[in-house]
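> need a 3D model of the sequence below.
(one chain, ligands or ions: 1)
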Amino acid sequence: MKIVILLGAPGCGKGTMAGRLSASNPTFHHVSSGDLLRTAVKTQSPHGLEADGFMKRGELVPDSLIAQMIAEYMVTLPNECTLLLDGFPRTLIQAEMLDKALAGSRATLTHVVLLDVPDPILIDRIAGRRVCPACGAGYHVVSIPSKVAGLCDVCGTTLVVRKDDNPKTVQYRLEVYKAQTMPLVAYYDARGLLTRITAYDFPINDIVEKLRHVIS
Ligand code: AMP
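Down below sits the predicted model:
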């Protein structure tokens, strides 16, 4: 298994990029740590009950909790695939946990891609973000509108704003990203694994193709 980590602030497009790559190629598997957690919260699993309060406040959930959920997900995947990790790792401790889990396994971390987007654009993207609560499809009211306003193209469910996408929590999540996740840029750069992609000011498909080129 090849592993690609997508790094970047909330709203940088990690989920959109990974979703498009995996839709276009069945050997790509996309896992979003945020989606795993939201499903766990929705189904009120023990992991979800533990994560709920942290997520509502825009804080990171405990490292061991999310690392365990990712490990449980990875064992369900076929060996011959490329796993696109979206949202994990998000702290140095998580990165070290991942390194330990990969040592001696058949999985190899091949690329870490930083999707670079300035703060004002991130804030604007998050303000316009809509998600389908049933199938998880993501939209933006301006840049990725659904065909019928307010309804999911895939399953017709009414789109919603994520609970943690309110302006107050967003500002805090950006601070958390800078304090806890940005150190990963230097961590992976020092190992020669990091590529930066400018992930704004170009059509989404161009950014997806740039990403595909980098990781193939
Ligand atoms: P996201 O969908 O990636 O924006 O994540 C939404 C929320 O889930 C975050 O604000 C955190 O509360 C939690 N979360 C997602 N991934 C992680 C992670 N790797 N470590 C800790 N918390 C996470």
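
> contacting residues for Met17?
6, 115, 199, 204, 207-208, 211 (CB atoms under 8 Å, 6 or more residues apart in numbering). Just so you know, the C-beta spots here come from the backbone N, C-alpha and C atoms, and that holds for glycine as well.

> cutoff 6 Å now
208, 211 (CB atoms under 6 Å, 6 or more residues apart in numbering).

> use 804 as the first number for this chain going forward.
OK, 804 is where the count begins now, so the last one is Met820.

> need the next SSE after the one helix or strand it maps to, C-terminal direction.
Assigned by DSSP states H and E, Met820 falls within helix 817-827. As assigned by DSSP H and E, the chain's next helix or strand after helix 817-827 is strand 831-835.

> with just CA atoms, put that following strand into CSV.
Provided in CSV are the C-alpha atoms of strand 831-835 (Å, rounded to 0.1, in the frame of the first residue of the first chain):
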residue,chain,number,x,y,z
PHE,A,831,-7.1,5.5,-4.9
HIS,A,832,-8.8,5.2,-1.5
HIS,A,833,-9.7,8.5,0.3
VAL,A,834,-10.2,8.5,4.0
SER,A,835,-11.1,11.8,5.8
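
> quick one: the helix or strand following it near the ligand?
Downstream of strand 831-835, the next assigned helix or strand under DSSP H and E is helix 836-845. Yes. Counting by CB under 6 Å from any ligand atom, the ligand has neighbours in helix 836-845: 836-837, 840.

> do stretch 848-858 and the ligand come into contact?
Yes. Applying CB under 6 Å from any ligand atom, one finds stretch 848-858 touching the ligand at 857-858.

> return the distance of that stretch from the chain's centre.
18 Å (CA atoms, centre = their mean, to the nearest Å).

> how about stretch 910-930?
With CA atoms, centre = their mean, you get 9 Å for stretch 910-930.

> mind listing what's buried in that stretch?
910, 912, 914-918, 920, 925-930 (16 or more other CB atoms under 10 Å).

> hmm, back to that, relative to strand 831-835, how tilted is the helix holding Met820?
Angle of helix 817-827 versus strand 831-835, following axes from the mean of the first three to the mean of the last three CA atoms, to 10 degrees, is 150 degrees.

> and helix 817-827, C-alpha only, in CSV?
What follows is helix 817-827, C-alpha atoms only, in CSV (Å, rounded to 0.1, in the frame of the first residue of the first chain):
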residue,chain,number,x,y,z
LYS,A,817,-8.1,18.3,0.8
GLY,A,818,-11.4,16.5,0.7
THR,A,819,-12.5,17.8,-2.7
MET,A,820,-9.1,16.9,-4.3
ALA,A,821,-9.0,13.4,-2.7
GLY,A,822,-12.6,12.8,-3.5
ARG,A,823,-12.1,13.6,-7.2
LEU,A,824,-9.0,11.5,-7.4
SER,A,825,-10.6,8.5,-5.8
ALA,A,826,-13.7,8.9,-8.0
SER,A,827,-11.5,8.8,-11.1
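
> now the strands for this protein?
With DSSP state E as the criterion, the chain has strands at 805-810, 831-835, 885-889, 911-919, 932-934, 941-943, 997-1001.

> what sits up against the fifth one?
Under the criterion CB under 6 Å, 6+ apart, residues 941-943, 962, 965, 968 lie in contact with strand 932-934.

> ok, now the second one?
Strand 831-835 is touched from outside by 818, 821-822, 824-825, 876, 880, 884-887, 889-890, with contacts defined as CB under 6 Å, 6+ apart.
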